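Enquirer: No sequence on hand, only this structure:
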């Protein structure tokens, strides 16, 4: 059946959108998931240096932001990404970056 996954705690089958297992109560959210607000604030305040890219695990893009930070182009792109992060739903953000 589509949309079904296995529990991280007990291994029983449950729906992929479940936040916790109904059988054992184990959280199904990844421990290393990224926070949307943190990424947005990093993009706003330190986006020209690529801090939000490093936080989201996109190291290569982060280095590109650092290399070209003197042109202010990364700052403009980071401000656009700041707006995108704020407008993205929590589920979509977690699916893409979590």
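Expert: All right, it came through fine. Keep in mind that what you see is a predicted model, and the values were worked out from it rather than measured.

Enquirer: What lies in contact with stretch 14-29?
Expert: Stretch 14-29 is contacted by residues 3, 4, 5, 6, 7, 8, 9, 10, 12, 94, 98 when judged by CB atoms under 8 Å, 6 or more residues apart in numbering. Where you see a C-beta, it was placed from the backbone N, CA and C, and this is true even at glycine.

Enquirer: Mind listing what's buried along it?
Expert: For stretch 14-29, the neighbour count (16 or more other CB atoms under 10 Å) marks 14, 21, 28 as buried.

Enquirer: and what of stretch 72-85?
Expert: Within stretch 72-85, the residues that count as buried by 16+ other CB under 10 Å are 74, 75, 77, 78, 81, 82, 85.

Enquirer: now what about it, what contacts it?
Expert: So stretch 72-85 is contacted by 36, 39-40, 43-44, 47-50, 52, 64-65, 68-69, 93 (CB under 8 Å, 6+ apart).

Enquirer: Could you identify the buried members of these?
Expert: Buried members of those, scored by 16+ other CB under 10 Å, are 36, 39-40, 43-44, 47-50, 52, 65, 69, 93.

Enquirer: would you say residue 75 is within a helix?
Expert: Yes - assessed by DSSP: H, G, I helix; E, B strand; the rest coil, residue 75 belongs to a helix.

Enquirer: okay, it: pLDDT?
Expert: Per-residue pLDDT puts residue 75 at 97.

Enquirer: Next: residue 40.
Expert: Model confidence at residue 40, given as pLDDT, is 97.

Enquirer: returning to what we had before: by neighbours, which of the contacts of stretch 14-29 wins?
Expert: Among the contacts of stretch 14-29, the one with the most neighbours (other CB atoms under 10 Å) is residue 7, at 19 neighbours.

Enquirer: check contacts around that residue.
Expert: 13, 14, 21, 23, 24, 26, 28.
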